[in-house]
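Peer 1: Could you work out the structure for the sequence below:
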Amino acid sequence: MRRLATVLGTLAAAGTMALALPGTALAANGQLIIAPNTIINNPSGCYNAPIVPLIASNNTDEYALVYNGPNCTGYVIAVVPPGGQTTQEFGASVFVD
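Peer 2: Numbering: from 1, shown residues only. Next up, the predicted model:
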């Protein structure tokens, strides 16, 4: 009986740890297009706009956040849903998780 309690306790602890540890980060599926000619397949992270105004087409399965500063700093000025597009006069970078 004592051995069974030890085994069950060990299994419970392992299960708790497995649920508590973060999963592997996955990229969005699809393409993020930042005009005029930047195409990112399965984007994950921050991308700076090559020109102003920022024109972004979000052909992924995740939301894209448009920031007014480079390297995804400053304020979020637009949220682009999956399948959406935006033109932002003051956009400088885009983040997709």
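Peer 1: how about the helices in this structure?
Peer 2: Remark: helices assigned in the chain by DSSP state H are 2-20.
Peer 1: residues in contact with the strand ranked longest in it?
Peer 2: Longest strand in the chain by number of residues, with DSSP state E as the criterion: strand 54-60. Applying Cβ atoms under 8 Å, 6 or more residues apart in numbering, the contact partners of strand 54-60 are 28-36, 42-43, 49, 64, 66, 80-88, 91-94, 96. Placement of C-beta: from N, CA and C, glycine included.
Peer 1: what do you get for stretch 27-34?
Peer 2: By Cβ under 8 Å, 6+ apart, the list of residues contacting stretch 27-34 reads 39-44, 47, 49-50, 54-62, 64, 82, 94, 96-97.
Peer 1: again, but for stretch 76-83
Peer 2: Contacts of stretch 76-83 (Cβ under 8 Å, 6+ apart): 30, 56, 58-68, 86, 88, 90-91, 94.
Peer 1: Show me where this protein dips below the pLDDT cut-off.
Peer 2: 1-25 (pLDDT under 70).
Peer 1: how far away is Gly83 from Thr73?
Peer 2: 27 Å (Cβ to Cβ, to the nearest Å).
Peer 1: which ones are touching the spatially closest residue to Asn68 that is not a sequence neighbour?
Peer 2: Closest residue in space to Asn68, ignoring its immediate chain neighbours: Gly74 at 4.3 Å, by Cβ to Cβ, 6 or more residues apart in numbering. By Cβ under 8 Å, 6+ apart, the contact set of Gly74 is Tyr67, Asn68, Ala92.
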